[in-house]
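S.K.: Here is the input, now give the coordinates:
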Amino acid sequence: MKTIKENHFGMSTIMAFALIPLSGFATDIYIPSLPSMANELHVSSSDVQLTLILFMISGGVSQLFVGAILDSFGRFRIGLGSLFIFAIACFAISLSSNIYTIYLMRIIQGIAVALIVVSKRAYFVDIYSGDKLKHYVSLFSIIWASAPIVAPFLGGYLQSSFGWRSNFYFLGGITIILAILEIAYGGESLKVFQPFKAKSIIEVYISKIKTQDFTIGLFILALSYSLLFLYGMTAPFIIEHVFHYSPVVTGYCSLLSGISLITGGIISKVLIDKPLLKKITVAFTLELFLALVMIGASSYVSNLFTLIAFTLIIHLLAGFTYNTFLSYCLGRFSKNAGMTSGITGGASYILTSLICYGIVSVVTIESPLLLGSTFLGIILTLMVALILFKRHKYNSEFKSISPSVLTTIQKVTVKC
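M.R.: Here you go, the predicted model:
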């Protein structure tokens, strides 16, 4: 089995960071093309939005289970094969004019991306430890946020110059290049292979999901990402159909949104040592205020400015929250890094998909006012989830105190 050469650790780490945003690229690069895809394929907007949802759900469900596979059979060969499968599916989509074929390819891509991304997140736990691991994990969502910055911006130009199919040709070509680099510089990072025993694996999954602060943290992750993903699903139709701008403008708006997201992630990293509950409470309060102001302003003036101005600040705060809780969830358990990574990514993806598709299935969002109203609903739900998280986080910390310390606390309490 090929292992990573010592002089390749630096390049291998760069490659791992390069592949973490692949899931974002697979959705965001063709966001400006959604209206054109609907027109050319003669389907509705919800039909092409479903290509995003199917990818998210298949990737999310897969991430729940692939961690155990990667912990038992290794990261390198499975991840490398998944890169080639993903690229082939990209080219198949580019050549297809059937929406159901595209649906199938997107499901396959979701599974492939799950294997790639989970293996690369687990790579850092395999190779690094202590403060260095904490440093790298805190960079995950910042690196991941490069996709919403670069992908739709590039996709807008590809759409305007060559059409929607060029997005998938480009994505497939880049993936092939990354696979070649992986062959040259990558290798197996897993040091201890876990036995693949279904019963013990299921028990580990159940124990993690039963950890209530972890589960609520996943829900907060999903709601925070929904603020971004819902915008990505609906903004192209508002910008191009309602406000009559080009896909290039959609790309620029998504670029600004991505910059806001990554800025929030950077702020989260800077404030990494600040109390979690205090900084998240401030972030949610600001989000609530901005959503209310967005609704009020959009009631009088509905244009591109009211759509973008408030969305950018809300996305900055969402990026802050997402990065904070991603670090919390990934660091919640020290063992079974692949499983923890898979559950964290998979559950948040599935929940995000269900939340967003549920919203667009019930409400046709075609104005800043309606988008602001949905933002408000998500933020109010976030605040309820935070209250539950505070309660269960306190309980989990209290239970983790050793019996001797608990005895001392009780004695002091009695004396007081």
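S.K.: need the longest helix for this protein.
M.R.: The longest helix of the chain (DSSP state H) is helix 368-399.
S.K.: If you count neighbours, what's buried in that helix?
M.R.: Under the neighbour-count criterion of 16 or more other C-beta atoms under 10 Å, helix 368-399 has 368-376, 378-379, 382, 385-386, 389-390, 392-393 buried. Every residue, glycine included, has its C-beta placed from N, CA and C.
S.K.: Tell me which other helices or strands it touches.
M.R.: Packing partners of helix 368-399 (3 or more C-beta pairs under 8 Å, 6 or more residues apart in numbering; DSSP states H and E): helix 212-237, helix 276-300, helix 304-330.
S.K.: any idea of the angle it forms with helix 276-300?
M.R.: Counting by axes from the mean of the first three to the mean of the last three C-alpha atoms, to 10 degrees, helix 368-399 lies at 170 degrees to helix 276-300.
S.K.: any idea of the angle helix 368-399 forms with helix 304-330?
M.R.: Relative orientation of helix 368-399 and helix 304-330, computed by the same axes, to 10 degrees: 20 degrees.
S.K.: Quick one: distance of helix 368-399 to the chain centre.
M.R.: What separates the centre of helix 368-399 from the centre of its chain is 18 Å, taken as C-alpha atoms, centre = their mean, to the nearest Å.
S.K.: What of stretch 99-119?
M.R.: Centroid separation for stretch 99-119 versus its chain: 15 Å, with C-alpha atoms, centre = their mean.
S.K.: avg pLDDT for it?
M.R.: In this model, stretch 99-119 has an average pLDDT of 93.
S.K.: Now do the buried residues in it.
M.R.: Buried, per 16+ other C-beta under 10 Å, within stretch 99-119: 99, 102-103, 105-119.
S.K.: Sketch out the low-pLDDT regions of the chain for me.
M.R.: Across the chain, the ranges flagged by pLDDT under 70 are 1-2, 6, 141, 145, 334-338, 394-416.
S.K.: Can you list the buried residues in the helix or strand encompassing G265?
M.R.: Using DSSP states H and E, G265 sits within helix 247-270. For helix 247-270, a neighbour-count test (16+ other C-beta under 10 Å) marks 247-269 as buried.
S.K.: wait, what's in contact with K191?
M.R.: D126 (C-beta atoms under 8 Å, 6 or more residues apart in numbering).
S.K.: So it versus H135, what's the distance?
M.R.: 21 Å (C-beta to C-beta, to the nearest Å).
S.K.: same check, this time on L290
M.R.: 30 Å.
S.K.: more neighbours, those two?
M.R.: Using other C-beta atoms under 10 Å, the more surrounded residue of L290 and H135 is L290, with 22 against 13.
S.K.: And that one, how close does it get to Y231?
M.R.: 14 Å.
S.K.: buried stuff in stretch 66-78?
M.R.: Buried residues in stretch 66-78 (16+ other C-beta under 10 Å): 66-71, 74-76, 78.
S.K.: May I ask which two of these are separated the most?
M.R.: For the buried residues of stretch 66-78, with distances taken as C-beta to C-beta, the pair at the greatest spread is A68 and F76 (16.8 Å).
S.K.: which residues touch L290?
M.R.: So L290 contacts 310, 313-314, 317 (C-beta under 8 Å, 6+ apart).
S.K.: 6 Å instead, please
M.R.: 310, 313-314 (C-beta atoms under 6 Å, 6 or more residues apart in numbering).
S.K.: Quick check: the gap between it and I262.
M.R.: 19 Å.
S.K.: And P35, by the same measure?
M.R.: 26 Å.
S.K.: Can you get me a residue count around I143?
M.R.: For I143, the neighbour count with other C-beta under 10 Å is 18.
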